[in-house]
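Engineer: structure, please.
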Amino acid sequence: MFKHTPTYIPFNPKSRTLSHSMMVYNKPSYDSVVQDWADSYLSDPNHLLICGSTGCGKSVTENTLLYYSFLRGDSKYIFIDIKKVELFQYKNIAPCRYYANDNLGVNEALTIALDIMDSRYARMMQEGIKTYKGENLFIVIDEVADLLQGENKKNFYSKLLKIAQLGRAAKVFLIVCTQNSKRDLLKDIKNNFGTVIGLHTLDATASRNLIGSSGCELLTIGRGLMLTNTIRNITINKVDDRLIRELLTTL
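Structural biologist: Residues are numbered from 1 along each chain as shown. Purely as a prediction, here's the structure:
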């Protein structure tokens, strides 16, 4: 691992006004991770959307965020992996509550998440509190378009929407990746993502559909560039696959 001080470049596309104050920052290599950003996010998490075109680094971003989350040891996870290749390495770790890679499993996974959320709300009402005090539950979905364009899309959408609307107070959070740039893919769900990471897209239209602004089309693949609505001083540490594999053997 190594530390690197990035160059900060304020990003303000002229084409439209950003709904968030966003910044582009440069990572030293394709498989780098923003450790301070990850620590900040995990200290006060919310629903997270990671989006961009094929090969832009969504899996790298997703896996390195999970790496730092595992190090903290204060969360449980539900993994939804329809492609069966991105999240399978996590299915047997102790913090994994459920792993799904087909429609039947996805329905069960989302039902479990909703049951946990509802039980936490019941406990919150009993204790007279507005925020659940226990551990986080992250629902990690590798490609959400695979769920929302299949035969069970209405059922999956309604469950995801309920989690997006009510999950934060119960510490049930979505971490969602997508490369699909259709404007209406996430519809009302997208409004509930407190944190957005935009990686490279093919054009400005795709960028606007994914993050609400042009700009992602200007990011070069392989140089570790992204747009995010989180701005703070950050230190960048590199995490490779070996470190992730070593950590998994301890969980």
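Engineer: partner residues bridging the residue nearest the centre of the chain?
Structural biologist: Closest residue to the average C-alpha location of the chain: I175 at 3.0 Å, with Cα atoms, centre = their mean. Beta bridges link I175 to L48, V140 when assigned by DSSP bridges.
Engineer: what separation do you get for it and Y77?
Structural biologist: 9 Å (Cβ to Cβ, to the nearest Å). For the C-beta atoms, the positions are set from N, CA and C on the backbone; glycine is no exception.
Engineer: any chance you could map the strands in the stretch 51-200 of the chain?
Structural biologist: For the stretch 51-200 of the chain, the strands defined by DSSP state E, counting those that start in this stretch occupy 75-80, 96-100, 136-141, 172-178, 195-198.
Engineer: what's the angle between the helix ranked longest in the chain and strand 96-100?
Structural biologist: If you go by DSSP state H, the chain has its longest helix at helix 103-127. Helix 103-127 and strand 96-100 are oriented at 150 degrees to each other (axes from the mean of the first three to the mean of the last three Cα atoms, to 10 degrees).
Engineer: if we can go back for a sec, ok, the residue nearest to the centre of the chain - contacts?
Structural biologist: Contacts for I175 (Cβ atoms under 8 Å, 6 or more residues apart in numbering) come out as H47, L48, I50, E62, L65, F138, I139, V140, I141.
Engineer: and of those, the nearest to R208?
Structural biologist: I50 (16.9 Å; Cβ to Cβ).
Engineer: next up, the contacts around the closest one.
Structural biologist: Applying Cβ under 8 Å, 6+ apart to I50 gives the contacts K58, T61, E62, I175, V176, C177, T178, I197, L199.
Engineer: state the distance from the last one to S75.
Structural biologist: Separation of L199 from S75 (Cβ to Cβ): 24 Å.
Engineer: which strand residues bridge the nearest residue to I139 once chain neighbours are set aside?
Structural biologist: In space, and not counting its chain neighbours, I139 is closest to I78: 4.7 Å by Cβ to Cβ, 6 or more residues apart in numbering. When assigned by DSSP bridges, I78 has beta-bridge partners Y98, I139.
Engineer: I figured I78 hits D115, correct?
Structural biologist: No - counting by Cβ atoms under 8 Å, I78 stays clear of D115, with 11.4 Å between them.
Engineer: ok, the two, which is more surrounded?
Structural biologist: I78 (23 against 10; other Cβ atoms under 10 Å).
Engineer: quick one: contacts for the more buried one?
Structural biologist: So I78 contacts C96, R97, Y98, Y99, A100, A109, I112, A113, L137, F138, I139, V140 (Cβ under 8 Å, 6+ apart).
Engineer: isn't the third one right next to D81, touching?
Structural biologist: In this case it means Y98. No - assessed by Cβ under 8 Å, Y98 is found out of contact with D81, at 11.0 Å.
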